[in-house]
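1. output the structure for:
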Amino acid sequence: MARNRSAFRAFVFFFLTTTILAADCGERCSNDGNCFVRASDNQALSWVISQALDRNQELQALSIEIRVADSRIHQSGRSPNPELEFEAEEFGGNGSFSGYGVSTLSWSLSRQVETGSKRGNRVRVSNYEKELLKNDYGTRKLDLIKAVTSAYIRVCAAKKMVVLSRESLKLAEQAREAVSRRVEAGKDSMMEKSKADVSKSIAAIELGQAERGLERAFISINEILGTEDSKKIEFTALEVTDFTLPNLETRIMDFPDLNRWEAVSGHGHAVLKAQKSQALPDLTFKGGLSRFKASDEYAYFCAVALPIPFTGNSGGIREAELNLEKIEKERKFSELKIKSAFASSFNSLKTLSSQTRTLKEEIIPASLSAFELASEGYRLGKFGFLEMLDAQRTLFESRLELVKASEEFHLEKAELERLIGHALDCPEFKKIGGN
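-> Presented below is the predicted three-dimensional model:
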């Protein structure tokens, strides 16, 4: 009887241990739950981003708008069109003016000549408007890359959650069967079986939650990609890799959301200069030919018109000046906001990196060691079965925590890369979204 009991315990120990280890090795994700990679190394993520960029209607509309801006630049460089005028006088009255016999007919051509470099100022404003559109295009592109990356990360995390939850449920079912056999053999009480039933029910609930979370993650990435086929994508998963965060504080003014203010400010100054040039009156030259039917004679005439600048466009100039002040205030506010967001994201990334490393190098190995000791103790009869189950549960919970920490790490990394406009771990520090 003692020999059979020892054989049974050895069998349970061997079966549970190999199940856990086999489940870990069977996943293409790392056994620590790190299923995220650098965008530069992940071909699946690069493909998803490429598909999203190609299909995005907003980016396509902005691309057309940039081409429209080229047309505006061309048109703004054109001079006003000349005017051809015909005039008839002294006809249709009474007496000698009742017909057309004494009428005067005139043909004239007039041309407005712009002063104050108005045409050049218009072209300058249009060029800055195009530059702002290009900045908007780059910003939307970065936003889309961040959204796709974040959605991809959430799918990877959700898939790993489902895998670990299924493994947990499988072990809970096996544990329940083992306890049931021991209760039937009179070796454990019904209370132990009830605890095993509760453990199995909790594992089943957690699996349902994980599967619903995965479904939500797929819905989210489908919305971004504009497709319903994201489940066919092979979501490649690799470990979190250590890398040194560069010193970005000296380059903070090169961040896309701050760099664009140079174009915004340039546009404001160009508008102010254009408004000031509007205060200068334009000359209109006119020349033509008049025919006098009464004497059947003709004569040439010419004229020069110069508007009297009573207002001097003071309202337009004041508006442009106030807009420049507004731009400067908004630029300073944006700079403070982005610097604060950068500091927060930078520190969060370092904290999450340390947290992930601690889970990976300390907590999970300790949990695994505790599980192995509990399993060995159960085999030797020193611990109860539920003590080993508790150790196994702790190991799985620590792995789930690593999945969550890895997810938060990569989401924060995507946020920081969006902020700086670069991939942190790209060797050339190459921009991931440009004009």
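
2. which residues are in contact with stretch 294-309?
-> 101-102, 106, 108, 279-292 (C-beta atoms under 8 Å, 6 or more residues apart in numbering). In short, each C-beta sits where N, CA and C put it, glycine included.

3. repeat that for stretch 276-285.
-> Residues contacting stretch 276-285 (C-beta under 8 Å, 6+ apart): 110-118, 121, 302-309, 312-314, 316-317.

4. so of the residues you listed, which ones are in helices?
-> Among those, the members found in helices (DSSP state H) are 118, 121, 314, 316, 317.

5. tell me the one among those residues nearest to residue 198.
-> Of all the ones in helices among the contacts of stretch 276-285, residue 198 sits closest to residue 316, with 76.3 Å by C-beta to C-beta.

6. ok, now which ones touch the closest one?
-> So residue 316 contacts 275, 278 (C-beta under 8 Å, 6+ apart).

7. separation between it and residue 79?
-> Using C-beta to C-beta, to the nearest Å, one gets 21 Å for the distance from residue 316 to residue 79.

8. which PyMOL command selects the buried ones in the contacts of stretch 294-309?
-> For the buried members of the contacts of stretch 294-309, the matching PyMOL selection, counting by 16 or more other C-beta atoms under 10 Å, is:
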select buried, resi 102+106+108+284+286+288+290+292
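
9. wait, isn't residue 346 in contact with residue 416?
-> Yes - taking contacts as C-beta atoms under 8 Å, residue 346 lies within contact range of residue 416: 6.5 Å.

10. these two: who's more crowded?
-> Higher neighbour count among residue 346 and residue 416: residue 416, with 21 against 17, using other C-beta atoms under 10 Å.

11. ok now do the more buried one, which residues does it touch?
-> 342, 345, 346, 349, 424.

12. hang on, the earlier thing: who wins on neighbours among the ones in helices among the contacts of stretch 276-285?
-> residue 121 (21 neighbours).

13. any idea how many residues pack against residue 78?
-> 10.

14. that's a helix at it, yeah?
-> No - assessed with DSSP: H, G, I helix; E, B strand; the rest coil, residue 78 is coil; it does not lie in a helix.

15. for residue 114, which non-adjacent residue is closest in space?
-> residue 282 (5.2 Å; C-beta to C-beta, 6 or more residues apart in numbering).

16. again with residue 162
-> residue 210 (4.5 Å).

17. same question for residue 213.
-> Closest to residue 213 by C-beta to C-beta, 6+ apart is residue 158, at 4.8 Å.

18. neighbours of residue 191, just the number please.
-> Considering only other C-beta under 10 Å, residue 191 is surrounded by 10 other residues.

19. regarding it, what is its secondary structure?
-> Under three-state DSSP, residue 191 comes out as helix.

20. report the contact partners of the residue lying closest to residue 267 once chain neighbours are set aside.
-> Among residues not flanking residue 267 along the chain, residue 128 sits closest, at 3.7 Å (C-beta to C-beta, 6+ apart). Counting by C-beta under 8 Å, 6+ apart, residue 128 touches 263, 266, 267, 270.

21. next: residue 79.
-> Per C-beta under 8 Å, 6+ apart, neighbours of residue 79: 114, 119.

22. how near is it to residue 303?
-> Taking C-beta to C-beta, one finds residue 79 at 19 Å from residue 303.

23. mean confidence score for the one helix or strand residue 399 maps to?
-> Per DSSP states H and E: residue 399 is located in helix 385-420. The average pLDDT within helix 385-420 is 85.

24. going forward, the N-terminal residue is numbered 19.
-> Sure thing, new numbering starts at 19, so read that last one as helix 403-438.

25. residue at max distance from the center of the chain?
-> What lies farthest from the middle of the chain is residue 113; by C-alpha atoms, centre = their mean that is 81.5 Å.

26. what sits against that residue?
-> With C-beta under 8 Å, 6+ apart, residue 113 has no contacts at all.

27. picking that back up, confirm for me that the residue nearest to residue 180 is in contact with residue 176.
-> Yes - look at residue 228 against residue 176 with C-beta under 8 Å: they come within range, at 6.9 Å.

28. re earlier: can you lay out the contacts of residue 146 as TSV showing distance to residue 75 and neighbour count?
-> TSV is the format used below for the contacts of residue 146 (distance: C-beta to C-beta, whole Å; neighbours: other C-beta atoms under 10 Å):
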residue	distance to residue 75	neighbour count
281	25	18
284	29	17
285	26	21
288	31	20
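
29. what would those look like in a markdown table with distance to residue 389, pLDDT and secondary structure?
-> Putting the contacts of residue 146 into a markdown table (distance: C-beta to C-beta, whole Å; pLDDT from 0 to 100; DSSP: H, G, I helix; E, B strand; the rest coil) gives the following:
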| residue | distance to residue 389 | pLDDT | secondary structure |
| --- | --- | --- | --- |
| 281 | 59 | 93 | helix |
| 284 | 64 | 94 | helix |
| 285 | 64 | 95 | helix |
| 288 | 69 | 95 | helix |
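
30. so how many other residues sit close to residue 157?
-> 18.

31. same question for residue 340.
-> 10.

32. what separates it from residue 175, distance-wise?
-> Residue 340 is 49 Å from residue 175, by C-beta to C-beta.

33. do the same with residue 75
-> 28 Å.

34. which one of these two has more residues nearby?
-> More neighbours surround residue 175 than the other of residue 75 and residue 175, with 25 against 8 (other C-beta under 10 Å).

35. that one touches residue 420, doesn't it?
-> No - between residue 175 and residue 420 there is no contact under C-beta under 8 Å: 10.5 Å.

36. give me every residue that touches the spatially most central residue of the chain.
-> Taking C-alpha atoms, centre = their mean, the centroid of the chain lies closest to residue 161, which sits 1.9 Å from it. Contact analysis of residue 161 by C-beta under 8 Å, 6+ apart lists residue 436.

37. look up how far residue 240 lies from it.
-> On the measure of C-beta to C-beta, residue 161 and residue 240 end up 18 Å apart.

38. which helix or strand contains the residue nearest to residue 231?
-> Using DSSP H and E, residue 176 falls in helix 136-202.

39. relative orientation of that helix and helix 403-438 in degrees?
-> Taking axes from the mean of the first three to the mean of the last three C-alpha atoms, to 10 degrees, one finds that helix 136-202 is oriented at 180 degrees with respect to helix 403-438.
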